[in-house]
Structure formats: structure tokens, C-alpha cells
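J.: need coordinates for the below:
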Amino acid sequence: MTGKKLRIGIVGLDTSHASAFTQLLHDKNHAYHVPGGEVAVAFPGGSADFEMSYSRIVGFTEQIRNQYGVTIVDSPEAVAEKCDAVLLLSVDGRVHLEQFRRIAAYRKPVFIDKPMAVCSADARAIAELARLHGVPLMSCSALRYAEGLTEALQESESGKVIGMDCYGPMALQPTQPGLFWYGVHTVEMLYRTLGKGCKRVSAVTNEEHDFVIGEWENGMIGTIRGNRRGNSQFGVLLHRENHTRFIDVYNHPKSYYASLLEKIMSLFTTGKSDIDVEETFQMIRFMEAANESRVSGLAVNL
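T.: Predicted structure coming up:
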């Protein structure tokens, strides 16, 4: 698919990510325009039992159709038929397996917005479908590619990374268990930095906060502080052998959406994901385990 402008399809117009990605692809005057493709077709989708889904479909559908001239269709299959690659953006992680199942046989590269799924079984089923049909697949949060984090990870003068503390909002949604709604963003930053190999997860929770501790096989410890009391900012403390660095994920003029979309376009053109699927599985299991620990108050071995 290299050498031509890709026709991109969207499944799920119940998220601001649909308009953010479409603008970056279509607006050549945008400072961080991502070339190589355009959104040609989209299926609105939506979940009737999830207010953050059904309340936003009409507005984003009208914007995508009227502002960018995108054709609106009535099924995921119709999207897959009319495009070269698919952005599966439905905000409800519960529907990702069912929607992916409907488009996998078309063998188009697919990016699934965070989280890939809201349980390990669904994530494994998605990956197996991708393997069966030969579908290039990638799934993550945009915070993984915040430029401030990327720059900090490229610096090595302060020695090896020995741990990480992340914080961010952790609003809870009944349909998206525990960490799967907003906790996924901090989990993505944690795993991009510390990698695979977390062996134990424990969590403390109350009405206003969550605190999650991950212990890695190599001795590193990563933490997540989730806040439900006012502060809605994400941030990171990256610990190296000789220095601790605060990372402001908002400080760089290039948005993490643009940085993520560049990785997605690489997937679409090369068929190769920037993320090991096993790492994605481990992130899903980390969030499951944190949710289990939130309920039981006990550490969970992975």
C-alpha cells in the first residue's frame, strides 16, 4: 500500500479521537499534519447503555460528514469494503471484539483505540482473529507517544531507568471496569517505559483516589495514582539511577494524537506494529489484576 494515498475508514464516531485524527489527516495547513491518507468512510456505531457513547454520536457524525466530506455507512463491514485501512475508535471497549470480528476477514490493517478490550479473553480473541486472517493490528492510548515522554526516554545521561510513578485522572464508568476507562492512559505510559514483565499488582482505592503498585521481575517498581478529586492532568516522574525527571506530557507543541497517528500510518503502510502484542496483553491483564486488587485489597500475582 506504499506510494498511494490511503483511503481510511472509521468504525465508531462516539469519541473526539475521530475528529482529531480526521483533522490531522485532512488539514494540510495544520502544523502537525500527518500525510499519506484521508478518511473516506465511517460507521457511527454507539452503545445504548453508555452515556459517554450515545450522547456524542450525532455531533461527531455531523462534523465528520459535513466538515470533511466523509461518507457515512450503516455497518462496520461497509467501512471495511470501501477502505484500505481501519481506525476502530468506538469509545466502548466492550464492543471492540464484536466489531473487529465483523471486519477481520477483509484483511485490512486495523488500529484499535484504547483499550483493545476490557478483559484478557477478548484481547486474546482479537489477536487470534488477526492472526487467522493476517490482519496487521495495533492498539494503544495516545499518551504512550506524548513527546515529553519520548524525549525523556531517549536521554540516557542519568543512567538506566529504575522505576516510574504516573498520575492522572481516573474517573470510573460502570460499563468500563475500573482502570479500563481512564487508568489505561497511565498504564500505557508505564508499560512503554518499563516494558513487559510485571509480576505482581496491588491497589488501594477509596471514593477519591486509586493507587496501584506494579512490581517487575527485574526489580523495578511502577506506580499509578488515579485522581477523582479535581485535578485532571496527567504526568510522570521517571526515575533513573542518577536523577528523577518530571515529564510534562502537555509541554510539547506537538500533540500526542499527532505522534500516535504517525505510528498508525506506519502500521497502515508497512503492516508492522510499533507495539509487541504480548505487551498489550500484559497491559490488559495488569488492569484486570488492579481491578481485582481494588475489590479484594490483596496483591495479585500475574
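J.: make it CA atoms for all contacts and neighbour counts henceforth
T.: Noted.
J.: now the strands for the stretch 51-200 of the chain?
T.: For the stretch 51-200 of the chain, applying DSSP state E, counting those that start in this stretch gives strands covering 71-72, 85-88, 110-113, 137-140, 161-169, 198-205.
J.: actually the stretch 201-302 of the chain, not the one I typed
T.: According to DSSP E, counting those that start in this stretch, the strands that the stretch 201-302 of the chain contains are 209-216, 221-227, 235-240, 244-247, 300-301.
J.: hey, which of the strands of the stretch 51-200 of the chain is tucked in deepest?
T.: Comparing the strands of the stretch 51-200 of the chain by mean neighbour count (mean count of other C-alpha atoms under 10 Å), strand 85-88 comes out on top with a mean of 26.
J.: quick check: neighbours of that strand in the sheet, parallel or antiparallel?
T.: strand 6-11 (parallel), strand 110-113 (parallel) (DSSP bridges).
J.: can you lay out those strands as TSV showing distance to Glu151?
T.: As requested, the strands paired with strand 85-88 are arranged in TSV below (distance: least, C-alpha to C-alpha, whole Å):
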stretch	distance to Glu151
strand 6-11	29
strand 110-113	23
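J.: so which of the ones you listed comes closest to Tyr257?
T.: For Tyr257, the closest of these is strand 110-113, at 11.4 Å, according to C-alpha to C-alpha.
J.: with just CA atoms, put the closest one into PDB.
T.: Extracted in PDB, the C-alpha atoms of strand 110-113 (Å, rounded to 0.1, in the frame of the first residue of the first chain):
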ATOM      1  CA  VAL A 110      -6.600  -2.100  11.900                       C
ATOM      2  CA  PHE A 111      -5.800   0.300  14.700                       C
ATOM      3  CA  ILE A 112      -8.000  -0.300  17.800                       C
ATOM      4  CA  ASP A 113      -8.200   2.700  20.200                       C
END
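J.: give me the residues contacting that strand.
T.: Strand 110-113 is contacted from outside by 85-91, 96, 135-141, 264, 268, using C-alpha atoms under 8 Å, 6 or more residues apart in numbering.
J.: for it, give the mean pLDDT please.
T.: Taken as a whole, strand 110-113 has an average pLDDT of 98.
J.: so which bits of the biggest helix by length in the chain are buried?
T.: Assignment by DSSP state H gives helix 277-296 as the longest helix of the chain. Going by neighbour count (16 or more other C-alpha atoms under 10 Å), the buried part of helix 277-296 is 277, 279-294.
J.: with stretch 226-242 instead?
T.: Buried-residue list, stretch 226-242, by 16+ other C-alpha under 10 Å: Gly226, Asn227, Arg228, Phe234, Gly235, Val236, Leu237, Leu238, His239, Arg240.
J.: mind checking how far it is from the chain centre?
T.: 18 Å (C-alpha atoms, centre = their mean, to the nearest Å).
J.: could you do stretch 79-96 as well?
T.: That offset, for stretch 79-96, works out to 13 Å (C-alpha atoms, centre = their mean).
J.: got the contact list for that stretch?
T.: By C-alpha under 8 Å, 6+ apart, stretch 79-96 touches 6-15, 17-18, 40-43, 45-47, 50, 52-53, 73, 100, 103, 106, 108-118, 175-176, 268.
J.: from those residues, keep the buried residues only.
T.: 6-15, 17-18, 40-43, 45-47, 52-53, 73, 100, 103, 106, 108-118, 176, 268.
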